[in-house]
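[1] missing the sequence, but the structure's below:
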């Protein structure tokens with residue numbers, strides 16, 4: 001089942017993954033989840049966190065910085081320097 005769950009997370013959009021991750025955090029913060037379930041949803045949360053980080057890295061790689069000429073008109077793009 002863990003492999004199926006991991007495959008499910010790998011297909012999620014950023015929005016779906018972050019939404020589920022927020023739900024898990026709230027449930028864990030409430031402290032009303034039994035220990036076994038807490039461990040299971042914590043593990044799922046870790047998978048969701050990794051998915052969100054992966055999608056953010058991919059988005060950063062696609063972001064371009066717009067270059068302008070002396071008059072301020074956009075003339076092209078160049079890779080964004082993330083450092």
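    Arrived safely. Here the structure is a predicted model, which is why all the values come from computation and not from measurement.
[2] contact partners for the most centrally placed residue in the chain?
    Centroid-nearest residue in the chain: residue 52, 1.3 Å away (criterion: Cα atoms, centre = their mean). Listed by Cβ atoms under 8 Å, 6 or more residues apart in numbering, the contact partners of residue 52 are 14, 17, 18, 21. (Each C-beta comes from the backbone N, C-alpha and C, glycine too.)
[3] out of those, which end up buried?
    The neighbour count (16 or more other Cβ atoms under 10 Å) marks 17, 18, 21 as buried among these.
[4] tell me the pLDDT at the first one?
    Meaning residue 17. Note for residue 17: predicted pLDDT of 97.
[5] which residues does it contact?
    9, 48, 51, 52, 55.
[6] just give the nearest non-adjacent residue to the fourth one, would you?
    Right, residue 52. Closest residue to residue 52 apart from its sequence neighbours, by Cβ to Cβ, 6 or more residues apart in numbering: residue 17 at 5.2 Å.
[7] that neighbour - that's part of a helix, no?
    Yes. Per DSSP: H, G, I helix; E, B strand; the rest coil, residue 17 lies within a helix segment.
[8] ok so, going back, would TSV of the buried ones among the contacts of residue 52 with distance to residue 61 be doable?
    TSV is the format used below for the buried ones among the contacts of residue 52 (distance: Cβ to Cβ, whole Å):
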residue	distance to residue 61
17	18
18	19
21	22
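[9] which one of those residues is nearest residue 42?
    Nearest to residue 42 out of these is residue 21 (Cβ to Cβ; 11.0 Å).
[10] related to what we said a few turns ago, now the residue nearest to residue 52: how far from residue 25?
    13 Å (Cβ to Cβ, to the nearest Å).
[11] please apply the same query to residue 46.
    Relative to residue 25, and taking Cβ to Cβ, residue 46 is found at 12 Å.
[12] could you do residue 34 as well?
    Residue 34 sits at a distance of 17 Å from residue 25 (criterion: Cβ to Cβ).
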